[in-house]
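*Asks:* 3D model of this:
(one chain, ligands or ions: 1)
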Amino acid sequence: MTLMPDFTPDLKAMQADLHALARIESPSTDPAGIARVMDVVEGWARDLGAETHALGGGTRLFNFGVHSAGAAGAGHGQTTPGLRGQDRPVLVLTHADTVWPHGTLDHMPLREDGDRLYGPGTYDMKAGIVGLFHALRSLNGEWPAGGVQVLLSPDEETGSLSSRAHIENAARCARVALVVEPPVADTHALKTGRKGTGSYVLTFTGVASHAGNKPGEGASAVTAAAQAVLDLQALARPDLGTTVSAGLIAGGSAVNVIPAHCRLELDVRVSSLEEGARVDAAVQAWTPPDARVQRRVEGGLNRPPFEQGEGTLALYAQARAIARELGFDVPSAVVGGGSDGNFTAPIIPTLDGLGAPGDGAHAAHEHVRLDRWPDHVRLLARLLREV
Ligand SMILES: [Zn+2]
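*Replies:* Alright, predicted model coming up:
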């Protein structure tokens, strides 16, 4: 394996590119804002000679040195499943959406303070996209065997409903997936596993009646929901990594009415498919003790668990060895939050957390660590070249 000459990322240029992306607000609910972010990134991709493709539903795919010959890939920029081993591309997953609504920049503007660049969507994950393109540029057109395929999802933050099929198709044709979501805050650890995530909405419909005069004629939807909270949260198995939390509940119409309606939302995280199936079966089967209360269940497991496989651990070992050559260490971690890596990990080795170091994802103090960022871009550049 040839060592590429080390490269020194141009931090000032990365900061400018990050400002350019982050000043375009792109909540998951706004396809136009997301498209504007993607247009900027597509411009960078074209400058590097990429073939660019719109895959439908707002997902875009940029191919760098990818062999896309073959019927299955024609017109969609996807490679063929027939390609083997080193002929398959390295897939890089990114997303252009953020959790921040329009107008957030008015009260949470982009700003730099010492070694930190603050702002909505910076750490998660516009800095990941910027770092990726600086890493790609450093390769000077010498793409790894099979090339590099960069996928931009428009809806990662809301579960990738429109991009999931594109991500899974791309993974089936690729040899590894690198995800430029941020590393873990503080430790800057790469992510070698993630819990599977699910959510449920339970709607209860009971019978209203006067709370003082005829309580016995009513059937309380709130009582049923309260019992469901206790029973369903008890499905948690922290020893196995399974959590169940009733995060939202709303019901009733007036304090003196036996409530006929209640709505409950559950957040579920699991470390294995077996646990996902166990919790799902129990949620679907739960019925209110009072048979007069109807319940409806919507939702399910949205992202499968990203289980730490051998291929992923080998990728991490390679990344760690590169980091040590570059003069720093990168730990690894298995985390609770999901990403699009959850969709590729069951198919190909997947290494996540290759974006920009920082802290405060989805929080008011969201920021990128400018002092640590260049090291992670150097690591990504080497990994893209040598993986
Ligand atoms: Zn993200």
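*Asks:* Please make it C-alpha for all contacts and neighbour counts, starting now.
*Replies:* Fine.
*Asks:* Can you pull the domain assignment for the chain?
*Replies:* For the chain, automatic domain parsing gives the domain ranges 11-195+306-386, 196-303.
*Asks:* could I get the ones you listed as JSON lines with mean pLDDT?
*Replies:* Shown next, in JSON lines, are those (pLDDT from 0 to 100):
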{"stretch": "domain 11-195+306-386", "mean pLDDT": "93"}
{"stretch": "domain 196-303", "mean pLDDT": "96"}
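*Asks:* Quickly compare these and say which is most buried.
*Replies:* Greatest average neighbour count among those goes to domain 11-195+306-386 (a mean of 21), per mean count of other Cα atoms under 10 Å.
*Asks:* Centre of the chain to stretch 359-374, how far?
*Replies:* Between the centre of stretch 359-374 and the centre of its chain there are 16 Å (Cα atoms, centre = their mean, to the nearest Å).
*Asks:* And for stretch 300-309?
*Replies:* Centre-to-centre, stretch 300-309 and its host chain are 12 Å apart (Cα atoms, centre = their mean).
*Asks:* My read is that residue 248 contacts residue 267, right?
*Replies:* No. With contact defined as Cα atoms under 8 Å, residue 248 and residue 267 do not form a contacting pair (9.3 Å).
*Asks:* contacting residues around residue 203?
*Replies:* Counting by Cα atoms under 8 Å, 6 or more residues apart in numbering, residue 203 touches 261, 262, 263, 264, 295, 296, 297.
*Asks:* mind checking the end-to-end distance for stretch 22-42?
*Replies:* 15 Å (Cα to Cα, to the nearest Å).
*Asks:* Pull the residues that contact that stretch.
*Replies:* The list of residues contacting stretch 22-42 from outside it, by Cα under 8 Å, 6+ apart, reads 21, 52, 58, 60, 62, 96-103, 105, 110, 119-122, 126, 152, 154-158.
*Asks:* taking the residues you listed one by one, which sit in helices?
*Replies:* 21, 105 (DSSP state H).
*Asks:* between the contacts of residue 203, which is closest to residue 147?
*Replies:* Lowest distance from residue 147 to the contacts of residue 203 (Cα to Cα) belongs to residue 297, with 44.3 Å.
*Asks:* Show me the beta-bridge partners of that closest one.
*Replies:* As for beta bridges, residue 297 partners with residue 202 under DSSP bridges.
*Asks:* Touching, it and residue 284? I think so.
*Replies:* Yes. The pair residue 297 / residue 284 is scored as a contact, 6.6 Å apart, by Cα under 8 Å.
*Asks:* Need the residue closest to the centroid of the protein.
*Replies:* The residue lying closest to the centre of the chain (Cα atoms, centre = their mean) is residue 339, at 2.5 Å.
*Asks:* Let's verify that one: helix, strand, or coil?
*Replies:* The three-state label given to residue 339 by DSSP: H, G, I helix; E, B strand; the rest coil is coil.
*Asks:* I'd assumed residue 323 was in a strand, is it?
*Replies:* No. Read with three-state DSSP, residue 323 is helix and lies in no strand.
*Asks:* hey, what's in contact with both of residue 248 and residue 267?
*Replies:* Here residue 248 and residue 267 have no joint contacts, going by Cα under 8 Å, 6+ apart.
*Asks:* hmm, who's touching the host helix or strand of residue 368?
*Replies:* Using DSSP states H and E, residue 368 falls within strand 367-369. Around strand 367-369, the neighbours that count as contacts under Cα under 8 Å, 6+ apart are 115-120, 122-123, 127, 356-361.
*Asks:* Can I get the next helix or strand after that strand in CSV, CA atoms only?
*Replies:* Sequence order places helix 373-386 as the next helix or strand after strand 367-369, per DSSP H and E. What follows is helix 373-386, C-alpha atoms only, in CSV (Å, rounded to 0.1, in the frame of the first residue of the first chain):
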residue,chain,number,x,y,z
TRP,A,373,-11.3,19.2,13.0
PRO,A,374,-8.2,19.1,10.7
ASP,A,375,-6.9,15.9,12.3
HIS,A,376,-10.2,14.2,11.5
VAL,A,377,-10.2,15.4,7.9
ARG,A,378,-6.6,14.0,7.5
LEU,A,379,-7.8,10.7,8.9
LEU,A,380,-10.8,10.6,6.5
ALA,A,381,-8.6,11.4,3.5
ARG,A,382,-6.2,8.6,4.4
LEU,A,383,-9.1,6.2,5.0
LEU,A,384,-10.7,7.1,1.6
ARG,A,385,-7.4,6.4,-0.1
GLU,A,386,-6.4,3.2,1.7
